[in-house]
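# show me the folded form of this:
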Amino acid sequence: MDILAQQFIFLAVDGGGYELVMLLAIMILTGMYMGRVAEKFRIPNVTGYMALGIVFGLLLIFLGREYLVDIFMTITMFCLGFIAFSIGLELDFGKLRRRRNEVIIVTLIQATAAFLFTALGLFLFRLDLHIALVLGAIAIATEPGPILHMTKRYKTRGELTDTLVPLHGVEDAFAIVVFGLVLAYAVGVDQGVGMSFSDIIFGPVFELLFSVLIGVVIGYVFSLFIYRLDYHDADKDLVVFVTTVVAILASISLANQGFYLGGIHVHLSPILLPMVVGITFANLSSRLAKHETEHMLDLFSPPVIIAFFTIVGAEMVFLIYLESGTVPGVMLLALAFVYIISRIIGKLFGTYIGGVIGKSTKNVQKYLGFCLLPQAQAAMALALYARAQLSNPLHGNLIVLITIIGTLVYELLGPFGLRHSFIRCDEVDEHGACIIKQRKI
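The predicted model follows:
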């Protein structure tokens, strides 16, 4: 029986499950008010949620509740799948067709730049090459949560938003391939043995291929349920809501479990799979069905968003506390600083060059990079998976701690970059509170 199952049984028997439910209720309620207070000081409410989560994390460590970290990670993975599905709903191939080449070019160039700049910066700082490459691959990942939340909250419309929202599908696919390749190489170096070409290639290819295929199947079945719905039915909202939640839960469950193909365990992407479900549904359903689904998700999303960012803040504090004794502090902080700065440079430089080559507007060239700084659960999941595969505990712990410190900084400061970019591109007003440009109809 795995550790997480044991913890759930312990909570149920000991009555701690009710304590956990109460804790989540308090975190969501106080998170809502913390976000409102933050916005009064022109601080993005997402940053307020994160800051509150950090406070909760410190308090729970003081109370001896650090065992909640695995349960918190399960909750945040559900929230991440919900966010990825919501982003998929925004990707209409009909609207995306005219920007397809631009999005692909910008995404691949900025992702490559983030990978190379981060890996090179850490390698020049005398980190082993195979570990630097793994951290470079992790640097590609961008957290979609702040982007979805802020674009919906501020109702942003314009060239920057149209490029930013569809970027995640391509980026996640690229990150899967690069991470799979470099991790296979890193495992071989750590174990002192060579890796075959098939070992290096088939892992990420299978993950990418099956994430897309399973996502398409779930999205197609989901669209059939909604297609048969009678929109004069008094219970139509209930049917849409329940069907949507089931589709999201099924995709999240499959994505985080994977499956066995022969004797090989195939991993699936917790971002790409639910995102493909949303994309498939959005492009196979009628405009009315899509509108009804988005409406129901918008009603359900606030507590999910608040829970996600608040729990991520607490989760990162837990992981730093549990892992910090395994790596020398000065070396850790120095490497984390290099990781943070190198990734920022890579994202900004890559989006500018990609924007020039992809013939993006000046605003997209200059400000898209600031929107791609947030990083949290996806990067942490990759780091934890890398640690589980590497044979050297020091290398695995180093990857996890550097990633966690980086995500802590990115999640606190990233929303400022998003709001700054939207303001500079005239997609929200100077207070970042409402849209000032509406798309002409």
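# what about G313, neighbour count?
Using other Cβ atoms under 10 Å, G313 is surrounded by 27 other residues. Where you see a C-beta, it was placed from the backbone N, CA and C, and this is true even at glycine.
# how about the nearest residue to it once chain neighbours are set aside, what does it touch?
The spatial neighbour of G313 that comes closest, neighbours along the chain excluded (Cβ to Cβ, 6 or more residues apart in numbering), is G53 at 2.2 Å. By Cβ atoms under 8 Å, 6 or more residues apart in numbering, the contact list for G53 reads 27, 31, 309-317.
# could you do T351 as well?
Counting by Cβ under 8 Å, 6+ apart, T351 makes contact with 106, 109-110, 364-365, 368-369, 372.
# just for the stretch 151-300 of the chain, where's the confidence low?
Applying pLDDT under 70 to the stretch 151-300 of the chain flags the ranges 192-202, 231.
# change it to 90
151-177, 179-209, 222-245, 247-248, 255-272, 275, 281-300 (pLDDT under 90).
# what are the ranges of the helices in it?
Under the criterion DSSP state H, counting those that start in this stretch, the stretch 151-300 of the chain contains helices at 159-164, 167-191, 197-227, 236-257, 272-284, 287-323.
# and among the ones you listed, the most buried is which?
For the helices of the stretch 151-300 of the chain, average neighbour numbers computed from mean count of other Cβ atoms under 10 Å are highest in helix 272-284, which has a mean of 27.
# distance to L333 added to the helices of the stretch 151-300 of the chain, as a markdown table?
A markdown table is the format used below for these (distance: least, Cβ to Cβ, whole Å):
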| stretch | distance to L333 |
| --- | --- |
| helix 159-164 | 31 |
| helix 167-191 | 23 |
| helix 197-227 | 31 |
| helix 236-257 | 32 |
| helix 272-284 | 33 |
| helix 287-323 | 11 |
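# how close does the residue most central in space within the chain sit to L96?
For the chain, the residue nearest the mean C-alpha position is E143 (3.5 Å; Cα atoms, centre = their mean). Between E143 and L96 the distance is 21 Å, computed by Cβ to Cβ, to the nearest Å.
# and G369, what's its pLDDT?
As predicted, G369 sits at a pLDDT of 92.
# verify the stated contact: it with I353.
No. The pair G369 / I353 is not scored as a contact, 10.1 Å apart, by Cβ atoms under 8 Å.
# so for those two, which sits in the more crowded spot?
G369 (26 against 17).
# tell me which element the more buried one falls in.
Element membership for G369, per DSSP states H and E: helix 362-371.
# swap in A84?
Using DSSP H and E, A84 maps to helix 69-89.
# so what does that helix touch, helix or strand wise?
Judged by 3 or more Cβ pairs under 8 Å, 6 or more residues apart in numbering; DSSP states H and E, helix 69-89 is in contact with helix 3-14, helix 144-153, helix 167-191, helix 236-257, helix 272-284, helix 287-323, helix 377-389.
# what about the third one, distance to the chain center?
Relative to the chain's own centre, helix 167-191 is displaced by 16 Å; criterion: Cα atoms, centre = their mean, to the nearest Å.
# stretch 150-163 now?
18 Å.
# endpoints of that stretch, how far apart?
Using Cα to Cα, to the nearest Å, the end-to-end distance of stretch 150-163 comes to 15 Å.
# cool, and stretch 313-333?
The first residue of stretch 313-333 is 19 Å away from its last residue (Cα to Cα).
# which residues does it contact?
Residues from elsewhere that reach stretch 313-333, judged by Cβ under 8 Å, 6+ apart: 27, 49-58, 60-61, 66, 68-69, 72-73, 76, 376, 380, 393-394, 397-398, 400-402, 404-405, 407-408, 411.
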